[in-house]
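Colleague: Dropping the sequence and predicted coords here.
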Amino acid sequence: MMASSGKAQSGVQRRVRTISDNLRLLPVVELEPGAYGSAPQPGTSPWTAEESDTYWRACLRAGGVVGVAPVVQGSWLVALDALNSPDLLHRVLQVHFAGGVPADLDGIDPFCGGLALVDDSELLILPTCCGDLGALDNWQIATEQRTELPEMLWIGHPCLTVWYHAPMLHIREEAECNLPTHPREFAMNPEALQSAVRQATRELDLFCERVVVSLRELTGVLDALDARAIGRILVGKRDS
């Protein structure tokens, strides 16, 4: 879509990217390379996308994981479809529970990653540091925003802010430690974002079923009830 001019809440003129109604929230899981294996790190700083990708693949390969591609070069995020292999999903669970499966469900964290905002096939926003699949709840809350007062949309840090300027929902990147250097602002139909949340929920429900099957083969998960409760937490659906 074409970008249009608009004023952010600070009154500073910004370019606003209007997102089509074909937007999607793509669930992604972070495969942190050092948790799988070791490899020489790039000597440059900051790393280029190609250097980061080479290091990531080398670490995963050292840990027995091959044939996996990130959603975009330089990131360590993979789409759920990349985890279709039962053996790969089992390996991901082994790494996640490297210290053993906690006896208390409160000691279990969701998979790192979150939701990537996609317009048609273009990736616009990726989850940031410390994000996880539980961020879907935050996106759902964002769809309900109907005030012009910006509120935080937590996807990790740096985070986003969200506000409503009828008839569009606005989402803006927020800088942290001067990154991103040029924060972007997006406008979208809130109903389209609600639809994207519903679709992402269905995808995570299906992923949860695969996780549960794999969990039942993991040492430390005692029975089907344990596996289902743990699986829901891992995909960000912790029961209250």
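Modeller: That came through fine.

Colleague: in this structure, which ranges drop under the pLDDT threshold?
Modeller: By pLDDT under 70, the low-scoring segments of the chain are 1-13, 220-225, 240.

Colleague: For L206, the count of nearby residues, please.
Modeller: Neighbour count for L206, taken as other CB atoms under 10 Å: 12. All C-beta atoms are positioned from the backbone trio N, CA, C, and that covers glycine.

Colleague: N138 versus that one, what's the distance?
Modeller: According to CB to CB, to the nearest Å, L206 stands 21 Å off from N138.

Colleague: same deal with G64?
Modeller: Taking CB to CB, one finds G64 at 34 Å from N138.

Colleague: More neighbours: those two, which one.
Modeller: N138 (19 against 12).

Colleague: can you pull out the helices in this structure?
Modeller: With helices called from DSSP state H, the chain shows them at 49-62, 86-96, 136-143, 190-215, 224-234.

Colleague: Show residues contacting the third one.
Modeller: If I follow you right, that is helix 136-143. Identification of contacts with helix 136-143 by CB atoms under 8 Å, 6 or more residues apart in numbering yields 25, 27, 114-115, 153-155, 162, 169, 171, 190, 193-194, 196-197, 200-201, 204, 236.

Colleague: these two touch, right, G114 and H157?
Modeller: No - counting by CB atoms under 8 Å, G114 does not reach H157; the two are 11.8 Å apart.

Colleague: And the two? Which one has more around it.
Modeller: G114 (30 against 13).

Colleague: Now do that one against E148, distance only.
Modeller: In terms of CB to CB, G114 sits 26 Å off from E148.

Colleague: ditto for F207
Modeller: Taken as CB to CB, the span from F207 to E148 is 36 Å.

Colleague: which of these two has more neighbours?
Modeller: More crowded of F207 and E148, by other CB under 10 Å: F207, with 22 against 11.

Colleague: and the gap between that one and A82?
Modeller: From F207 across to A82, the span is 11 Å (CB to CB).

Colleague: Same check on D53?
Modeller: 14 Å.

Colleague: and what of Q94?
Modeller: Q94 is 17 Å from A82, by CB to CB.

Colleague: Same question for P42.
Modeller: Going from P42 to A82 by CB to CB gives 23 Å.

Colleague: ok, those two, which is more surrounded?
Modeller: Set P42 next to A82 and count neighbours by other CB under 10 Å: A82 wins out with 18 against 14.

Colleague: Return the residues in contact with that one.
Modeller: Each residue near A82 by CB under 8 Å, 6+ apart is listed here: V68, A69, L88.

Colleague: 6 Å - rerun?
Modeller: Applying CB atoms under 6 Å, 6 or more residues apart in numbering, we find A82 in contact with V68.

Colleague: so how many other residues sit close to D21?
Modeller: 13.

Colleague: doesn't A192 make contact with it?
Modeller: Yes - contact criterion CB atoms under 6 Å: D21 and A192 qualify, at 4.2 Å.

Colleague: On the strand side of things, show who the residue nearest to V71 when sequence neighbours are not counted bridges to.
Modeller: Excluding its sequence neighbours, the residue lying closest to V71 (CB to CB, 6 or more residues apart in numbering) is L77, at 5.2 Å. For L77, the beta-bridge partners are E30 (DSSP bridges).

Colleague: Show me which residues of stretch 97-117 are buried.
Modeller: By neighbour count on 16 or more other CB atoms under 10 Å, the buried set for stretch 97-117 is F97, V101, I108, P110, F111, C112, G113, G114, L115, A116, L117.

Colleague: What of stretch 169-178?
Modeller: The neighbour-count check on stretch 169-178 (16+ other CB under 10 Å) flags L169, H170, I171, R172, E173 as buried.

Colleague: doesn't W163 make contact with L153?
Modeller: No - using CB under 6 Å as the test, L153 is too far from W163 to be in contact (9.9 Å).
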